[in-house]
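Chemist: Okay, predicted coordinates and the sequence, questions at the end:
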Amino acid sequence: MTEHRVFCVKLQRELPGLDEPPFDTELGRKIYENVSQQAWSQWTEFCKMLLNEYRLNPARREDQEVIIKQMEQYFFGEGAAPPPDYVAPEHEDS
């Protein structure tokens, strides 16, 4: 079986795509067809930061809608911005 490859909308180059759509929705299909594994991994890290900074609960419908809107912006819009007060953690060089 050949590897699913996509021209990634986020990273602007051809890369391995996801093994399957992340959701059974139109957005899930769009992500499957246009987002690479690498960009999806970057999104999951960004999403963790959003969940923590905004104290979102993925089990709540309202919070799910916020996450979906951020995801659409991240991949297909102007890009999602971190929260205004967010300070990125400093990485120690060791």
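Modeler: On my side now, so go ahead.
Chemist: Name all residues that make contact with G77.
Modeler: If a contact means CB atoms under 8 Å, 6 or more residues apart in numbering, then G77 has no contacts. C-beta here means a position set from N, CA and C on the backbone, and glycine is covered the same way.
Chemist: Could you check how far it is from V9?
Modeler: Distance from G77 to V9, counting by CB to CB, to the nearest Å: 10 Å.
Chemist: Then S41?
Modeler: In terms of CB to CB, S41 sits 15 Å off from V9.
Chemist: Looking at those two, which has the bigger crowd around it?
Modeler: Neighbour totals were compared for S41 and V9, and V9 leads with 16 against 10 (other CB atoms under 10 Å).
Chemist: Show me what S36 bridges to in the sheet.
Modeler: G17 (DSSP bridges).
Chemist: Make sure it is actually in contact with L15.
Modeler: Yes - contact criterion CB atoms under 8 Å: S36 and L15 qualify, at 3.6 Å.
Chemist: shared neighbours of these two, anything?
Modeler: V6, C8.
Chemist: neighbour-wise, which of those two wins?
Modeler: Between S36 and L15, counted using other CB under 10 Å, the more crowded position is S36 (22 against 17).
Chemist: and F75, how many neighbours?
Modeler: Counted with other CB under 10 Å, F75 comes out at 20.
Chemist: Ignore what I typed, I meant V35.
Modeler: 25.
Chemist: residues in contact with it?
Modeler: V6, C8, V9, K10, G17, L18, W43, F75.
Chemist: how about the last one, secondary structure?
Modeler: It stands for F75. Here F75 is recorded as helix under DSSP: H, G, I helix; E, B strand; the rest coil.
Chemist: That one and I68, how far apart?
Modeler: The value you get for F75 to I68, if CB to CB is used, is 11 Å.
Chemist: Check the second one too.
Modeler: Between C8 and I68 the distance, using CB to CB, works out to 20 Å.
Chemist: When those two are compared, which one has more neighbours?
Modeler: The neighbour comparison of C8 against I68 (other CB under 10 Å) goes to C8, with 20 against 13.
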